[in-house]
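Visitor: any chance you can model this:
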Amino acid sequence: MVVSQINIYPVKGLAAVSVTESMAYSTGFDFDRRWMLLDEQNRFLTQRQLPLMALLTPELTNGLIHIRNGNDGITFERNETFGKPIQTFVWDDPATTLEVNPVVSQWFSDALHLPVKLVRLADEIARTHPSSAINQSIPVSLADAYPYLVLGLKSVAFLNQKLTTAIPADRFRANILIETSAAHEEDTWKTYSLGQAVFQSVKPCGRCTVITIDQKTGEQNNEPLKVLNTYRKKDQNVIFGMHTICLEQGLVKIGDTLSLQPPL
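Guide: Down below sits the predicted model:
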């Protein structure tokens, strides 16, 4: 079992940046979901509302974030902020954010044909998530609930055997893809190391309509969700992949071997 792919999503809901290595922190990989888009009521936006967000492609270079929309693009600095703090929520979790700058927000508004603001998480403790699964509050970025989503590639292959048209693993927007030997093997992992970091599985990921969105075109097809409903439904949720936390920070690289550890 080795790391096949590492994905970072700098702006929540936008396309991934695939990297060969990254530092894993308690709040997530470096750069991962530290930014998100807000509507005029300061509510966060994702592909659930705007599937075309999938077509906005980030790049990371020397502390700069560049977002591309076709032949158009915008660049801003990692620590760039403007104005007063904006209090918002990620689902039920309060989060303190800051707008990057009005020019960047206008670029996103033009790209998505909707008035939006691009905001940055104010700091690494600006949002916590109370997890009933482990009975504690954890620091997390602007991800839906947990810092990491881990998925085994055999799970995707098993689903594709049941689909009319196979889909790539990017539909599931995982941070870490693992070469596995059996479908849903990741469901059984508890505590394990990858490279220098130690992780703990928390709970299965309940899936939504985002997995029906082609991440290259923004088009939707409900077949993956319908098929998963036939064999991966539990407590009214379709589950696929594992929500995960980082217990010990460290560098994770493609090719790192997953080593199971005794539960803490």
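Visitor: what pLDDT, on average, does stretch 196-203 get?
Guide: Stretch 196-203 shows a mean pLDDT of 96.
Visitor: using PDB, write out every CA atom in that stretch.
Guide: Once non-C-alpha atoms are left out, stretch 196-203 reads as follows in PDB (Å, rounded to 0.1, in the frame of the first residue of the first chain):
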ATOM      1  CA  GLN A 196       7.000  11.200   8.400                       C
ATOM      2  CA  ALA A 197       3.400  11.800   9.300                       C
ATOM      3  CA  VAL A 198       0.900   9.700  11.400                       C
ATOM      4  CA  PHE A 199      -2.800   9.600  10.600                       C
ATOM      5  CA  GLN A 200      -5.900   8.400  12.200                       C
ATOM      6  CA  SER A 201      -9.100   7.400  10.400                       C
ATOM      7  CA  VAL A 202     -12.200   9.100  11.900                       C
ATOM      8  CA  LYS A 203     -15.300   8.200   9.900                       C
END
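Visitor: and that stretch, how far out from the chain middle?
Guide: Centroid displacement of stretch 196-203 relative to its chain, using CA atoms, centre = their mean, to the nearest Å, is 16 Å.
Visitor: now tell me what touches that stretch from outside.
Guide: 24, 131, 133-134, 146, 148, 150, 186, 189-193, 242-252, 261, 264 (CB atoms under 8 Å, 6 or more residues apart in numbering). Bear in mind the C-beta positions are built from the backbone N, C-alpha and C, glycine included.
Visitor: now the buried members of those residues.
Guide: For the contacts of stretch 196-203, a burial check counting by 16 or more other CB atoms under 10 Å picks out 24, 131, 146, 148, 150, 186, 189, 192-193, 242-247, 252.
Visitor: quick one: least confident of those residues?
Guide: Confidence-wise, residue 131 trails the rest of those, at 92.
Visitor: what's the closest non-adjacent residue to that residue?
Guide: residue 138 (5.8 Å; CB to CB, 6 or more residues apart in numbering).
Visitor: where does pLDDT dip in the chain?
Guide: Along the chain, the parts satisfying pLDDT under 70 run over 263-264.
Visitor: hang on, the earlier thing: so which of the contacts of stretch 196-203 are in strands?
Guide: Among those, the residues falling in strands (DSSP state E) are 24, 131, 148, 150, 191-193, 242-248, 250-252, 261.
Visitor: which residue ranges form the helices in the stretch 1-150 of the chain?
Guide: 102-112 (DSSP state H, counting those that start in this stretch).
Visitor: state the distance from the closest residue to residue 127 other than its chain neighbours to residue 237.
Guide: Leaving out its chain neighbours, the residue that sits closest to residue 127 by CB to CB, 6+ apart is residue 95, at 3.9 Å. The gap separating residue 95 from residue 237 is 24 Å, by CB to CB, to the nearest Å.
Visitor: and residue 77, by the same measure?
Guide: 39 Å.
Visitor: for residue 211, helix, strand, or coil?
Guide: Three-state call for residue 211 (DSSP: H, G, I helix; E, B strand; the rest coil): helix.
Visitor: phi and psi next, for the closest residue to it other than its chain neighbours.
Guide: If the residues on either side of it in the chain are set aside, residue 211 comes closest to residue 171, at 4.9 Å by CB to CB, 6+ apart. Main-chain dihedrals, residue 171, degrees, to the nearest 10: phi -60, psi -30.
Visitor: pull the contacting residues for residue 171.
Guide: For residue 171, the contact set (CB under 8 Å, 6+ apart) comprises 210-215, 224.
Visitor: who's more crowded, residue 95 and residue 237?
Guide: residue 95 (22 against 13; other CB atoms under 10 Å).
Visitor: tell me what the more buried one is bridged to.
Guide: When assigned by DSSP bridges, residue 95 has beta-bridge partners residue 88.
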